[in-house]
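Asks: need the 3D shape of this:
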Amino acid sequence: MSRIGKKEIIIPNNIEIIINNSQITIKGTKGVMYYDIPLMIEVEIAKNKLRLHKKIISKQAQALHGLSRSIIYNMVKGISEGFTKKLIIQGVGYRAQMDGKTLIVNAGYSHPVKIESKQDININVENNTNIIISGINKETVGQVAATIRAIRPPEPYKGKGIRYENEVVRRKVGKAGK
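Replies: Now for the predicted structure:
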């Protein structure tokens, strides 16, 4: 039983949802998103709530039921509020800056690392050490944040590297000398 799939999605007033055959379109002030509904799933709109039902009872339909509900919920939330991820850079000489739509990160390598911003993602740099990634698609915001973090993940001995805002890095004790 999919507990996630059974939950209703409450639609905010500023969002318009259109279901055309097997495609759902969500329009709002921040943009438009599309999702192809699997054939085993049926979407029903009642007043300001959206429900998903399974047409067939099978393991695959069960998995797609919860997945589809999560994706549609994230689309509604992204169009109404948006998603943000914050990264913090720690380390001597480690910093980031924006050059147009390109993020340039100096993280201890012999060269600066450049990352191009995707069209629906906004990247802002504050104080050269805080990077804020925002957008309407949760998946792409998370992927861009993970790509930036992968440049120099935090290391456990000195804590240097790029980490998420609330990430806790367990510190290790260094080598004990005689």
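
Asks: I79 falls within a helix, correct?
Replies: Yes - per DSSP: H, G, I helix; E, B strand; the rest coil, I79 lies within a helix segment.

Asks: what's the per-residue pLDDT of it here?
Replies: As predicted, I79 sits at a pLDDT of 92.

Asks: measure how buried it is and give me the count.
Replies: The criterion is other C-beta atoms under 10 Å. On that basis, I79 has 23 neighbouring residues. All C-beta atoms are positioned from the backbone trio N, CA, C, and that covers glycine.

Asks: contacting residues around the closest residue to it other than its chain neighbours?
Replies: In space, not counting the residues next to it along the chain, I79 is nearest to G28; the distance is 3.6 Å by C-beta to C-beta, 6 or more residues apart in numbering. Residues near G28 by C-beta atoms under 8 Å, 6 or more residues apart in numbering: 12, 14-16, 79-80.

Asks: now K114, what are its backbone angles?
Replies: With angles defined as degrees, to the nearest 10, K114 sits at phi -110, psi 140.

Asks: low-confidence regions, the chain specifically.
Replies: Per-residue confidence of the chain (counting by pLDDT under 70) places the weak regions at 1-2, 178.

Asks: state which strand of it is the longest.
Replies: Determined from DSSP state E, the single longest strand within the chain is strand 83-90.

Asks: show me which pair in the contacts of G28 is furthest apart.
Replies: Put simply, by C-beta to C-beta the two of the contacts of G28 set farthest apart are E16 and S80, 11.3 Å from each other.
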